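Enquirer: 3D model of this:
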Amino acid sequence: MRRQALGEFVRNARARITPQMASLPEGSRRRTPGLRREEVAQLSGISVTWYTWIEQGRDVSVSPAVWARIASVLHLGRAERAYLFELAECADPQHPREAAESAAGQLRACVDAIRAPAYVLDHAWNVLAFNEAMRELFDDWPARDARPNLLRYIFLDPAARRLVVDWEQRARRVVAEFRADAAANLDAPEVAALVNTLNRESAMFAHWWTRHAVIEREGGLRDFDHPRSGRLAFQQVTFRLATHPELKLVMLLQPDEARGANLSAWM
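Expert: You can find the predicted model right below:
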């Protein structure tokens with residue numbers, strides 16, 4: 001059903017594209033609207049037969065790069081492109097980091113409106129936005145790091161070992177959570193570079209990464225030993241952003257607040 005839905009989606013998208021939109025000559029009169037299959041195939045750099053099989057919903061192996069070219073030829077919008085790659089069951093090689101960064105002001109406004117510590121992570125767990133409560137909880141870490149990344153903080157910053165209660169247990173779980181969360185993006189250059197750096201500079205990360213453990217990202221209590229406020233406990237809750245599904249909004253709620261909210265979340 002997924003392949004059939006994918007074929008129908010691509011076929012309908014093709015019917016919307018005019019030769020002018022694809023920078024092609026109008027040519028002779030067309031019996032059907034939109035581009036011809038052979039035109040999309042040529043512009044996408046694949047054979048007509050292969051492209052025809054895609055529209056027919058056959059179980060063919062198509063690389064992410066080819067899907068990206070097809071999405072470009074068909075002028076797919078952001079939601080359409082995400083839908084295409086979801087149906088194709090592969091990661092988009094063109095991660096929309098620039099789009100996310102362009103929305104940084106809006107993201108900061110969102111987290112600033114939250115009373116509890118809150119921050120936004122991208123697909124590589126870079127911190128794109130955070131509020132003052134989160135900055136205070138993490139003892140100014142995200143502000144003093146030019147490009148804060150949660151994994152680099154946990155494994156490479158000595159302050160994390162002092163702040164996070166039961167650091168070794170949490171670090172082991174974080175590796176398994178990240179592997180599950182980033183499964184579709186492990187080949188992305190930024191994710192691959194991050195993993196290589198951590199494997200090289202953190203023996204703990206390298207040890208657990210080679211175990212290939214995968215754990216569902218669940219909510220739960222997170223304990224901190226704050227240098228000024230002492231022992232603190234929070235319930236961690238994470239949401240995917242509808243406008244940027246590759247981003248995650250993380251909130252750390254007081255246990256009584258989280259208990260009163262009937263939330264279905266993870267991490």
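Enquirer: does residue 194 touch residue 152 like I think?
Expert: Yes: the pair residue 194 / residue 152 is scored as a contact, 7.4 Å apart, by CB atoms under 8 Å. Backbone N, C-alpha and C define where each C-beta goes, glycine included.
Enquirer: check contacts around the nearest residue to residue 187 once chain neighbours are set aside.
Expert: Using CB to CB, 6 or more residues apart in numbering and skipping the chain neighbours, the partner closest in space to residue 187 is residue 91 (7.2 Å). By CB atoms under 8 Å, 6 or more residues apart in numbering, the contact set of residue 91 is 64, 85, 184, 185, 187, 188.
Enquirer: how does it look with 10 Å?
Expert: Applying CB atoms under 10 Å, 6 or more residues apart in numbering, we find residue 91 in contact with 64, 67, 85, 123, 182-188, 191, 246.
Enquirer: doesn't it lie inside a strand?
Expert: No: read with DSSP: H, G, I helix; E, B strand; the rest coil, residue 91 is coil and lies in no strand.
Enquirer: distance of it from residue 67?
Expert: 10 Å (CB to CB, to the nearest Å).
Enquirer: any common contacting residues for these two?
Expert: residue 85.
Enquirer: need the three-state assignment for residue 127.
Expert: Assignment for residue 127 (three-state DSSP): strand.
Enquirer: for it, which non-adjacent residue is closest in space?
Expert: residue 148 (4.2 Å).
Enquirer: report how many residues lie close to that neighbour.
Expert: Neighbour count for residue 148, taken as other CB atoms under 10 Å: 20.
Enquirer: chain center to stretch 120-130: distance?
Expert: Put simply, stretch 120-130 sits 9 Å off its chain's centre (CA atoms, centre = their mean, to the nearest Å).
Enquirer: below-threshold pLDDT in the stretch 151-267 of the chain: ranges please.
Expert: By pLDDT under 70, the low-scoring segments of the stretch 151-267 of the chain are 216-219, 256-267.
Enquirer: rerun that using 50 as the cut-off
Expert: 258, 260-267 (pLDDT under 50).
Enquirer: hmm, back to that, for residue 2, state which of the contacts of residue 91 is nearest.
Expert: residue 85 (12.1 Å; CB to CB).
Enquirer: look at residue 249 and give its secondary structure.
Expert: Residue 249 - assigned by three-state DSSP - is strand.
Enquirer: quickly list what it is bridged to.
Expert: With DSSP bridges applied, the residues forming beta bridges to residue 249 are residue 120, residue 239.
Enquirer: can you get me the start-to-end distance on stretch 21-32?
Expert: Stretch 21-32 has its terminal residues 16 Å apart, counting by CA to CA, to the nearest Å.
Enquirer: wouldn't residue 194 be in contact with residue 202 here?
Expert: No: taking contacts as CB atoms under 10 Å, residue 194 lies outside contact range of residue 202: 11.3 Å.
Enquirer: what do the two both touch?
Expert: Joint contacts of residue 194 and residue 202 (CB under 10 Å, 6+ apart) are 151, 152.
Enquirer: can you count the residues close to the residue lying closest to residue 38 once chain neighbours are set aside?
Expert: Leaving aside its chain neighbours, residue 38 sits nearest to residue 48 (4.8 Å; criterion: CB to CB, 6+ apart). Residue 48 has 14 neighbours, counted by other CB under 10 Å.
Enquirer: related to what we said a few turns ago, so what's the residue nearest to residue 127 up against?
Expert: Contacts of residue 148 by CB under 10 Å, 6+ apart are 119, 121, 125, 126, 127, 128, 130, 138, 141, 142, 157.
Enquirer: for it, grab phi and psi.
Expert: phi -60, psi 140 (degrees, to the nearest 10).
Enquirer: that one and residue 66, how far apart?
Expert: 35 Å.
Enquirer: same question, residue 141
Expert: Noted for residue 141: a distance of 41 Å to residue 66, by CB to CB.
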